[in-house]
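Asks: Sequence and computational prediction follow.
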Amino acid sequence: MEKRTIVRFCLGLLILTLAFSLRPGRFPPYARIDFVQTWTPTYCAQPDVKCRQNLEPTFTLHGLWPADADGKAPTYCSKKRSDQDIDKETTELRDDLLRVWPSVQEGKTSKSFWQYEWNKHGICCLLNVTKMDYFRAAIAQRNNINLLSIFTNAGVKPSWDATYTEAAIENTVEGHTGTAVHVSCKPMNDTHVKLFEIYICLDVPGTNYVDCPPSGNYKRGCWRPGTETSIIIFPPK
Ligand SMILES: *[C@@H]1O[C@H](CO)[C@@H](O)[C@H](O)[C@H]1NC(C)=O
Ligand SMILES: *[C@@H]1O[C@H](CO)[C@@H](O)[C@H](O)[C@H]1NC(C)=O
């Protein structure tokens, strides 16, 4: 390479490096926050998951995930230590967080679960939502919504004998939120799936319910390949 070319190349590299190191992080746009709760019997029955002993079947908070209109969720938006540090917030809100957002996995502390969810999802909200407001939204929304009692009151009960449609599950939650929600399932056998997660969509910063976009945009749902409708089991344990 010519000397001048080398100099140009190095200068270019320097500018690129500077440009990247000055970026505050990669924060792609997002439209709303998905509030995602997991039915523990379905989660814990997965072969690669080991849950705590004697868990009462419950809808447990998985996380609050920023997502765009297509349901795509930005993740790992910043590696900066100061962005990732949630010690102050989770210490101050610890009792509430332990109640509404516990880790159900054997040997995994709740703090490490919050940190994982924050680093992967929550951090992507930082342009719009403070850490404190993010964790406060988790607590407030979890207090607002008791999915198990919403289902049981509507006659949608955990049972091996009853079956439900995706629409019936969604309609039950929608009766409470007044906005479109999503449901996801795990395969069970050739004909049936198990109820897995409920997605309730929130505005930014996580205060009000908003419609989840049509589920055609999601790689979620409860259909089985080749079938139009799904037969959902709400496993009791
Ligand atoms: C978040 O903040 C950014 C920067 O101020 C803004 O451009 C964007 O519209 C906000 N996003 C939402 C969903 O409010
Ligand atoms: C799948 O499980 C359900 C519920 O236990 C059962 O009724 C159904 O017959 C099973 N289907 C197959 C193909 O095994």
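Replies: Yes, it's here. Ligands and ions are numbered 1, 2, ... in the order given.

Asks: Contact residues of the protein facing ligand 1?
Replies: Applying CB under 6 Å from any ligand atom, we find that the chain lies next to ligand 1 at Tyr30, Ala31, Leu127, Asn128, Val204. In this view, the C-beta of every residue, glycine as well, is placed from N, C-alpha and C.

Asks: can you do 5 Å?
Replies: Within the chain, the positions near ligand 1 by CB under 5 Å from any ligand atom are Leu127, Asn128, Val204.

Asks: Which other helices and strands does the lengthiest strand in the chain contact?
Replies: Across the chain, the longest stretch assigned as strand under DSSP state E is strand 192-202. Using 3 or more CB pairs under 8 Å, 6 or more residues apart in numbering; DSSP states H and E as the contact test, the elements touching strand 192-202 are strand 32-39, helix 40-44, strand 59-67, helix 131-144, helix 166-177, strand 182-187, strand 231-234.

Asks: so which of these comes closest to Ser82?
Replies: helix 131-144 (10.4 Å; CB to CB).

Asks: Assumed Leu127 was part of a strand.
Replies: No. Under DSSP: H, G, I helix; E, B strand; the rest coil, Leu127 sits outside any strand and is assigned coil.

Asks: what sits against it?
Replies: Shown in contact with Leu127 (CB atoms under 8 Å, 6 or more residues apart in numbering): Phe27.

Asks: Got phi/psi on it?
Replies: Per-residue torsions, Leu127: phi -70, psi -30 (degrees, to the nearest 10).

Asks: Need the pLDDT of it.
Replies: Predicted confidence (pLDDT) for Leu127: 92.

Asks: what about it, distance to Ala45?
Replies: 38 Å (CB to CB, to the nearest Å).

Asks: What of Ile150?
Replies: In terms of CB to CB, Ile150 sits 23 Å off from Ala45.

Asks: do the same with Tyr199
Replies: 20 Å.

Asks: With Trp223 instead?
Replies: From Trp223 to Ala45 the distance is 20 Å (CB to CB).

Asks: just Asp96 next, same as before
Replies: Distance from Asp96 to Ala45, by CB to CB: 29 Å.

Asks: With mean pLDDT and mean neighbour count as extra columns, can I get the helices and strands packed on strand 192-202 in a markdown table?
Replies: Below are the helices and strands packed on strand 192-202 laid out as a markdown table (pLDDT from 0 to 100; neighbours: other CB atoms under 10 Å):
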| stretch | mean pLDDT | mean neighbour count |
| --- | --- | --- |
| strand 32-39 | 96 | 23 |
| helix 40-44 | 97 | 20 |
| strand 59-67 | 96 | 22 |
| helix 131-144 | 96 | 18 |
| helix 166-177 | 95 | 18 |
| strand 182-187 | 91 | 20 |
| strand 231-234 | 94 | 20 |
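
Asks: picking that back up, between Tyr199 and Ala45, tell me which one has more neighbours.
Replies: Tyr199 (23 against 14; other CB atoms under 10 Å).

Asks: And the pLDDT for the more buried one?
Replies: 94.
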